[in-house]
Structures are given as C-alpha cells and as structure tokens.
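>>> here are the coordinates; sequence isn't available:
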C-alpha cells in the first residue's frame with residue numbers, strides 16, 4: 001500500500017542530509033529526517049510513473065527545493081524501508097503517520113471552500129485506513145477519539161453537542177410559533193434568530209439551507225442567499241462581476257476594476273503596481289520599455305498578452321444565458337513571402353486595434369499566430385469576412401497550424417459545460433466534428449499531439465464529464481486558463497491545479513484554414529456549439545440534433561448554414577444549397593479505416609493496429625479510452641509487449657489479458673490473437689519500463 005524510500009542528498013555546504021519519501025500510488029511526500037520536517041506538500045507524479053523514479057538531481061532542483069544547491073549523494077543508493085524502518089529512521093511515529101494520511105487525502109480535503117463536516121469526514125476515513133494498515137503490520141491500532149455527531153457536525157465534548165442540539169430546537173420552535181400566528185414574534189426576531197444560527201453553524205450547509213427555505217417561503221424577511229455562499233440582508237448585498245456577495249466577502253475579497261467601472265473578485269482581476277489599481281487584463285508598467293519595443297515589432301513575442309497591448313474593447317459582458325465574447329488564435333505561414341512583411345500586412349488588413357501578431361515556436365520558421373481581442377461573434381465574422389487574404393499565405397497544408405478559440409467561461413453553467421464536453425469529445429461524434437474541424441485526435445496525427453480527446457468513460461452524463469475532466473492543456477477542450485474560483489463554480493475536480501489568469505474555455509479542435517467558407521464556419525460553430533448545449537438534452541448531443549437545431553436559428557449563423565447546406569425552417573420557398581463542407585477546397589482527407597476486434601470477448605473493441613506516433617501511440621490510445629496497460633519485455637524473442645491486464649494481475653500475463661506487440665520495422669503496435677497469451681508465457685516475459693522510443 002504505502003512505500004517508504006530512504007535516500008541521501010548533499011546540501012550547499014556538502015553536508016549529507018537524510019531524506020524519506022513516503023508514496024502512495026502516484027502521490028508522494030518528502031521528509032527531511034535531519035530537520036524532522038516535510039519539504040513539500042503532497043505532490044503528484046504523472047500517471048503510471050513510480051514516484052521513486054523522481055529522486056534525481058533535476059527533481060531536487062525544480063520541484064522539491066526550488067534551487068540548484070542540492071544533489072543526490074550517489075554513494076548512498078536508494079533503500080526501501082519497512083514501516084518500522086521508516087519510523088525508526090525518522091525517530092517520529094507521528095510524522096510518518098501524518099505523511100501517510102496526507103497521501104490518502106484528495107486535494108479537495110484542503111480546499112477552504114469545502115465545508116468543515118466534509119473535510120472532517122475525509123480526514124476520518126484517512127485515519128481509519130492508516131490505522132488498519134498499521135494494525136496489519138504490528139498487531140496494534142491506535143484508538144480514535146470518540147465523538148458525537150449532530151447535523152453533520154462533530155463534537156468531542158457533551159456540552160457543545162447539547163448546545164448545538166438545543167439551538168436548532170429553539171429555532172424550530174420559534175418558527176413554528178410564528179407560522180401558527182403568534183403576533184409576539186416579529187420579523188426582526190426571526191431574522192436575528194436565523195443569523196445567529198447561521199453564524200454559529202454555517203458549516204451545516206444542508207440544515208441552514210433548509211431553515212432559509214422555510215423563512216423565505218413563509219415570511220418576507222429580505223434575507224438573500226448570496227453567490228459567495230453566505231446569507232445577508234438584501235440591503236447589505238453587493239454586485240461583484242455577475243454575482244451577488246455578502247458585505248463581509250465584499251470587504252475582504254472584492255476589488256474595483258478600473259477599465260470596466262465595476263467590482264470583481266480579487267482572484268479574477270489583475271493588479272498593476274504602476275498605479276496601484278486593478279484591471280480586467282494584465283497591465284504591467286514595470287516592463288513598459290520592453291512592451292514598447294515589442295509593440296513596435298511586426299511579430300511580437302509569444303508571451304505578449306493581447307489585452308495588455310490593445311485592452312478589452314468589447315462592450316459585451318458575457319453571461320450564462322446571454323451573449324459572450326470569444327478570442328481567436330489563428331496560426332498560419334507566410335508561404336514564400338517575407339515573414340515580417342506578411343505579419344504587418346495581415347494585422348493592417350484585419351485591424352491594428354483588433355489583433356496582434358505573435359511568434360509561436362511550434363510553427364514553421366515562417367509561421368506566426370494572429371491573436372484577436374475578446375469580441376462578440378458578429379465582430380469576428382465581420383473582420384475575417386472582410387479580410388483580403390494573400391493567396392501566398394498557407395495554413396491548411398503546413399501540417400502544424402491550428403486555430404484555437406477562447407470562450408469566456410462566464411458563458412457556461414456546470415450543466416452547459418458538461419454537455420459541451422460530451423458533444424465535442426464523444427467518439428460517436430468523431431466524423432461530425434472532424435468534418436468541420438478538419439482533424440480529430442482519434443484518427444489524425446496532427447490532432448493527436450495538440451488536442452487529445454477525454455476518456456470516453458467520463459462522458460456518461462454532464463456531471464461526470466465535468467468531474468472527470470482532465471487538467472491537461474493539450475485537450476480538445478482545454479480548461480487550464482481558469483482560475484481557482486471559476487473552476488470551483490463550474491464544478492471541476494480540484495485534484496487539478498487551476499491557477500490561470502484569463503478564465504477562458506479553449507476549443508482546440510480546428511485545423512487552420514484560410515478558405516473563408518471553412519474559417520467563418522469554424523468560428524460560428526464554436527459559438528453555436530455553446531448555444532446548442534444550453535438548450536439540448538444531454539441525451540441528444542449529436543450531429544443530427546445539432547443540424548436540426550441549426551435550422552431553427554439559421555439566420556444567426558449564415559456561414560454555418562452554407563457549410564451544412566441547411567435552410568431556415570421558416571422559409572416558405574425551398575432552396576437547394578450546395579454544402580460548403582463538400583465544395584471547400586481545403587478538404588478533409590478520408591479518415592483511415594480502422595478495424596477492431598473484441599479480444600478475449602472483452603466489451604471494449606481493440607484496434608488491430610495502433611501507430612506508434614513518437615513512441616506515445618499505445619499510451620495515447622489507453623488514455624483516450626480510459627484503459628490501463630503495462631509494458632512487458634520478452635528477452636528471448638526480443639519483443640516489446642503492451643498488456644491490458646484483464647486478469648487483475650499486472651505483474652504476470654493472464655489468460656484474459658489483451659496483448660499488443662511492437663513492430664519496430666513499421667513502428668506500429670499489432671493486436672495479438674487470443675492464443676498468443678499461452679505462447680508468450682512459455683518465454684517468460686517480465687514487466688518492463690516503457691520502450692526507449694516513448695521517452
């Protein structure tokens with residue numbers, strides 16, 4: 001279960017420092033045995049990576065100590081310890097137990113926005129598991145302090161338990177008397193009693209909410225349940241961005257945003273040292289000279305923020321049920337033309353107040369990226385529709401250019417976001433999405449590295465899609481630009497770290513095209529997909545339902561209507577429209593045929609061959625489909641195997657395991673027949689690290 005590893009490092013003064021790594025699955029804590037303190041909070045290794053492999057000079061410098069003055073002492077090799085050995089090494093049983101508990105607790109347990117009762121429940125479960133583990137090792141189990149529980153609260157003293165019980169009873173009796181018509185009880189009495197109850201037992205969320213519902217339903221007390229989670233008299237509430245906050249939260253965490261003349265949460269706004277003010281975009285006065293130099297260049301640096309150059313000019317304030325802004329990043333190449341001259345030409349034609357041009361190291365040597373300010377759909381369509389594109393420019397056939405659209409996250413509710421993730425990522429919609437996007441990670445090499453699909457296992461319903469959303473950047477829908485507060489509002493798992501600055505949901509699916517019919521349709525598709533997901537049933541998130549919905553709103557998306565060849569259902573005279581998706585010269589090549597087989601009669605159909613793209617083919621396939629695999633090596637036959645262990649034992653090959661063998665000549669993984677399991681076992685394959693090509 002737990003793993004204890006002893007190792008030694010050398011500090012800046014050439015002193016040996018004893019260290020202990022306590023790990024559980026892919027989580028770990030590092031402990032300094034000399035100073036008897038942990039050097040890190042709980043950290044995570046990549047999926048499938050043994051945390052012990054992280055003990056090297058690079059990790060010491062970049063993760064554990066944030067400096068280069070430490071190194072691993074090679075004279076003392078890594079040593080695996082038992083539980084008793086770890087306790088003896090640290091001379092502190094309590095510290096070892098604390099590290100074990102920490103690796104068991106999810107990140108949500110440390111979130112201050114999670115109520116106290118839930119955090120206590122999580123801690124209790126971790127405590128029980130650690131005690132059971134210790135009991136199995138040495139036959140003793142520490143005693144958990146007894147406690148009483150009342151309305152989701154824990155009490156270790158009888159007096160506090162009785163006080164909580166009596167307080168709720170007295171409040172219930174007061175409300176009952178008021179509902180029965182007792183005129184001696186005024187509205188002020190009820191209001192004071194409710195706020196007293198809320199102040200004392202705010203963490204009892206369910207029961208405080210029930211009390212509020214009764215008062216709100218039967219009495220007109222002017223109490224508001226604010227978006228910050230607190231209750232407040234309506235005369236003391238404040239508008240903060242699109243939310244309502246209580247007076248205390250407003251005083252503690254709201255700031256005035258100069259450029260928008262409104263209040264925002266402190267975490268969502270950008271502080272400027274130069275004038276001691278907050279803005280809706282990053283505005284750094286400390287680097288004015290550098291910014292001026294950069295702005296005078298036709299192609300600005302990759303780190304340049306378009307908002308710091310052009311500001312936020314759109315009058316639209318994005319909302320969950322109304323209009324919203326989008327920002328577009330279009331990657332392209334100047335072709336045979338001079339790169340900087342082409343960049344200057346593109347910006348001047350699109351509008352110097354609308355976009356900037358930036359370098360991007362992932363593009364060809366003559367490539368650059370057009371980055372627009374956040375604007376409404378109509379502005380984007382007008383700008384790109386009027387753009388006179390030089391025929392020398394390239395995008396579609398460069399093999400590296402994509403178009404990313406950043407959607408203001410305020411356009412989403414949790415439900416809309418969940419449906420959006422299902423609609424874009426579902427394997428059932430692969431052909432439909434690929435035709436408009438020009439690529440898809442399940443079949444196209446260009447997409448696989450830049451926008452992987454989510455695990456299909458999380459797409460069963462909107463709530464699960466949001467909860468299971470990957471925190472990786474290179475996904476079809478990227479959420480890494482969200483700040484922590486916005487990620488919590490949208491219901492995302494806080495096991496991932498959300499510390500972005502811009503609060504956008506980035507759609508990365510598009511292969512860049514300079515053909516107007518596809519370019520405009522892709523921009524409109526992004527907007528339409530959000531609007532469709534707002535109203536569609538989550539059971540109807542497919543291409544056919546989207547086209548049916550599009551017919552009812554055809555006037556709002558003229559380029560998309562031409563793309564699919566549909567007409568407004570209210571048009572009296574039928575009109576035949578040749579779909580632009582068929583006539584567009586930037587045509588999507590046919591998807592390569594993929595054959596499947598249900599190996600060993602498993603529910604999942606496995607591809608007969610999986611290309612080993614850059615050594616990550618089998619890993620990407622497993623990640624996209626929510627599968628687990630491990631590598632094996634057969635020395636006698638010089639074969640590398642990828643095994644999906646349905647037998648339940650990942651250290652040996654069982655009869656029901658699904659096996660692929662790497663063909664090093666064609667660089668593909670080939671699915672083996674069912675009888676291969678027994679044949680390969682005769683050659684004693686052993687579990688191995690990933691093949692060298694995948695590192």
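Done, it's in. In this text the structure is predicted, and so the values were computed from the model without any measurement.

>>> can you give me the helices in the stretch 401-550 of the chain?
Here the stretch 401-550 of the chain has its helices, by DSSP state H, counting those that start in this stretch, at 414-425, 430-437, 445-448, 462-467, 484-489, 516-535, 543-552.

>>> And those, which one averages the lowest pLDDT?
Lowest mean pLDDT of these: helix 445-448, a mean of 76.

>>> how is the chain carved up into domains?
3-118, 158-221, 326-583, 596-694 (automatic domain parsing).

>>> Any idea which of those domains gets closest to residue 277?
domain 326-583 (16.7 Å; Cβ to Cβ). For glycine as for every other residue, the C-beta is placed from the backbone atoms N, C-alpha and C.

>>> tell me the most buried of the domains of the chain?
domain 326-583 (a mean of 19; mean count of other Cβ atoms under 10 Å).

>>> end-to-end on it?
One end of domain 326-583 to the other measures 28 Å (Cα to Cα, to the nearest Å).

>>> repeat for stretch 21-30
With Cα to Cα, one end of stretch 21-30 sits 5 Å from the other.

>>> The helices of the stretch 401-550 of the chain into TSV, with extra columns for distance to residue 209?
Below are those laid out as TSV (distance: least, Cβ to Cβ, whole Å):
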stretch	distance to residue 209
helix 414-425	18
helix 430-437	40
helix 445-448	45
helix 462-467	20
helix 484-489	18
helix 516-535	26
helix 543-552	35
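
>>> who touches residue 483 in this structure?
Residues counted as contacts of residue 483 (Cβ atoms under 8 Å, 6 or more residues apart in numbering) are 267, 268, 498, 499, 500, 501, 503.

>>> a markdown table please, covering those residues and showing pLDDT.
Shown next, in a markdown table, are the contacts of residue 483 (pLDDT from 0 to 100):
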| residue | pLDDT |
| --- | --- |
| 267 | 75 |
| 268 | 78 |
| 498 | 82 |
| 499 | 77 |
| 500 | 81 |
| 501 | 79 |
| 503 | 91 |
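
>>> Tell me which helix or strand in this protein has the weakest average pLDDT.
Scoring the helices and strands of the chain by mean pLDDT, DSSP states H and E places helix 288-295 at the bottom, with a mean of 55.

>>> What is the following helix or strand past that one packed up against?
Next along the chain after helix 288-295, taking DSSP states H and E as the criterion, comes helix 306-310. In this structure, helix 306-310 makes packing contacts with helix 288-295, strand 355-358, judged by 3 or more Cβ pairs under 8 Å, 6 or more residues apart in numbering; DSSP states H and E.

>>> Pull the residues that contact the shortest one.
Translated: strand 355-358. Strand 355-358 is contacted from outside by 298-302, 304, 306, 309-310, 343-344, 346-347, 368-373, 383, using Cβ under 8 Å, 6+ apart.

>>> Give me the pLDDT for the residue lying closest to residue 473 once chain neighbours are set aside.
Counting by Cβ to Cβ, 6 or more residues apart in numbering, residue 473 lies nearest to residue 480, which is 4.6 Å off, once chain neighbours are set aside. Residue 480 carries a pLDDT score of 90 in this model.

>>> so what's residue 480 up against?
471, 472, 473, 498, 500, 506.

>>> and which of those residues is nearest to residue 599?
Scanning those for proximity to residue 599, where the rule is Cβ to Cβ, the winner is residue 472, at 28.0 Å.

>>> Is it correct that that closest one is in contact with residue 454?
No. The criterion here is Cβ atoms under 8 Å, and residue 472 misses it with residue 454 at 9.7 Å.

>>> Might one say that residue 581 is in contact with residue 434?
No. If you go by Cβ under 8 Å, residue 581 and residue 434 don't touch, sitting 10.7 Å apart.

>>> picking up where we left off before, format the contacts of residue 480 as a markdown table; extra columns: distance to residue 326.
Shown next, in a markdown table, are the contacts of residue 480 (distance: Cβ to Cβ, whole Å):
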| residue | distance to residue 326 |
| --- | --- |
| 471 | 22 |
| 472 | 22 |
| 473 | 19 |
| 498 | 20 |
| 500 | 16 |
| 506 | 10 |
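
>>> The residue nearest in space to the middle of the chain and residue 506, how far apart?
Taking Cα atoms, centre = their mean, the centroid of the chain lies closest to residue 471, which sits 3.2 Å from it. In this view, residue 471 and residue 506 are 13 Å apart by Cβ to Cβ, to the nearest Å.

>>> Give me the common contacts of these two.
In contact with both residue 471 and residue 506: 479, 480, using Cβ under 8 Å, 6+ apart.

>>> Show the contacting residues for the nearest residue to residue 681 once chain neighbours are set aside.
Distance criterion Cβ to Cβ, 6+ apart; nearest residue to residue 681, sequence neighbours excluded, is residue 653 at 5.7 Å. Each residue near residue 653 by Cβ under 8 Å, 6+ apart is listed here: 632, 641, 643, 645, 647, 659, 677, 680, 681, 685.

>>> for residue 560, same thing?
Contacts of residue 560 (Cβ under 8 Å, 6+ apart): 521, 524, 525, 528, 550.

>>> Not counting its neighbours along the chain, what's nearest the fourth one?
Across the structure, with Cβ to Cβ, 6+ apart as the measure, the residue nearest residue 528 apart from its sequence neighbours is residue 557 (5.4 Å).

>>> Next up, the contacts around that neighbour.
524, 527, 528, 550.

>>> what's the distance between the second one and residue 602?
It refers to residue 527. In this view, residue 527 and residue 602 are 40 Å apart by Cβ to Cβ.

>>> Also the first one?
With distances taken as Cβ to Cβ, residue 524 is found 41 Å from residue 602.
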